[in-house]
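In: generate coordinates for the sequence data below:
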Amino acid sequence: MTSIDYKIPESVLVVIYTPSQQVLLIRRVDAGTWQSVTGSKDHPHEDWAETAVREVHEETGIDALHPDCQLQDWQLENTYDIYPAWRWRYAPEVSRNTERVFGLLVPEGTPVTLSPCEHTDWQWLHWQQAADTCFSPSNAEAILMLPRFVEGA
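Out: Just a heads-up that it's a prediction; the model follows:
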């Protein structure tokens, strides 16, 4: 494996939600766990927002740049240890990932088209239930911050 094949340890977490604060969760193919949209940069110079827009489209089919949607950089970053089961995806010296958090406001009834190689199912849940359903602690914490960002909008 060459360095070109390794994942970049910089990723986004995008909490997709509706005006009624329903949060979209998607179920991972590999682990069966529920999460928001996540994904790594494709190249080191890719802008955080570009990564968020690309990952949202790849994983859900939603166009984050559509005029009815509102992408917000929540200006939050989480740094965490990469789970041992996924370390093989990164260069040997890499053990930590930096995750930038975004919110994406979408209209009620926004259609979802999953990438079948990444996710098996999706659901809209009230934000508190969505936080309780997430596998990732940083994902749950981000969802629990949703009311603060909605009120500040």
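
In: and the helix or strand bottoming out on mean pLDDT in the chain, what does it pack against?
Out: The helix or strand of the chain with the lowest confidence, counting by mean pLDDT, DSSP states H and E, is helix 146-151 at a mean of 87. Where contact means 3 or more CB pairs under 8 Å, 6 or more residues apart in numbering; DSSP states H and E, helix 146-151 is packed against strand 10-17. Glycine gets a C-beta too; all of them are placed from N, C-alpha and C.

In: ok, residues contacting the strand it packs on?
Out: For strand 10-17, contacts defined as CB atoms under 8 Å, 6 or more residues apart in numbering pick out 23-24, 36-41, 44, 48, 51-52, 55-56, 60, 62, 64, 78, 97-106, 127, 138-139, 142-143, 146, 150.

In: which of those residues fall in helices?
Out: 48, 51-52, 55-56, 60, 127, 138-139, 142-143, 146, 150 (DSSP state H).

In: stretch 23-34 - what's its average pLDDT?
Out: The average pLDDT within stretch 23-34 is 94.

In: just the residues contacting that stretch, thanks.
Out: In contact with stretch 23-34 (CB under 8 Å, 6+ apart) are residues 15-17, 35-37, 59-60, 106, 112, 114, 116-127, 130-131, 133-136, 143, 146.

In: report the separation between R148 and A142.
Out: Distance of R148 to A142, computed by CB to CB, to the nearest Å: 11 Å.

In: now the lengthiest strand in the chain: mean pLDDT?
Out: Scanning the chain for the longest strand, with DSSP state E as the assignment, gives strand 70-81. When pLDDT is averaged over strand 70-81, the result is 95.

In: buried residues, it. List them.
Out: In terms of neighbour count (16 or more other CB atoms under 10 Å), strand 70-81 has its buried residues at 71-72, 74, 76, 78.

In: tell me how far L71 lies from W48.
Out: 10 Å.

In: spit out the residues that contact the two alike.
Out: F102.

In: circling back to that earlier point, for the ones in helices among the contacts of strand 10-17, which one is nearest I8?
Out: T51 (9.4 Å; CB to CB).

In: what's around the closest one, how many residues?
Out: 22 (other CB atoms under 10 Å).

In: can you pull the contacts of it?
Out: For T51, the contact set (CB under 8 Å, 6+ apart) comprises 10-12, 39-42, 100.

In: again, but for P107
Out: 18-19, 68-69.

In: for V106, which non-adjacent residue is spatially closest?
Out: The shortest distance from V106 to any non-neighbouring residue, by CB to CB, 6 or more residues apart in numbering, is to C69 (5.2 Å).
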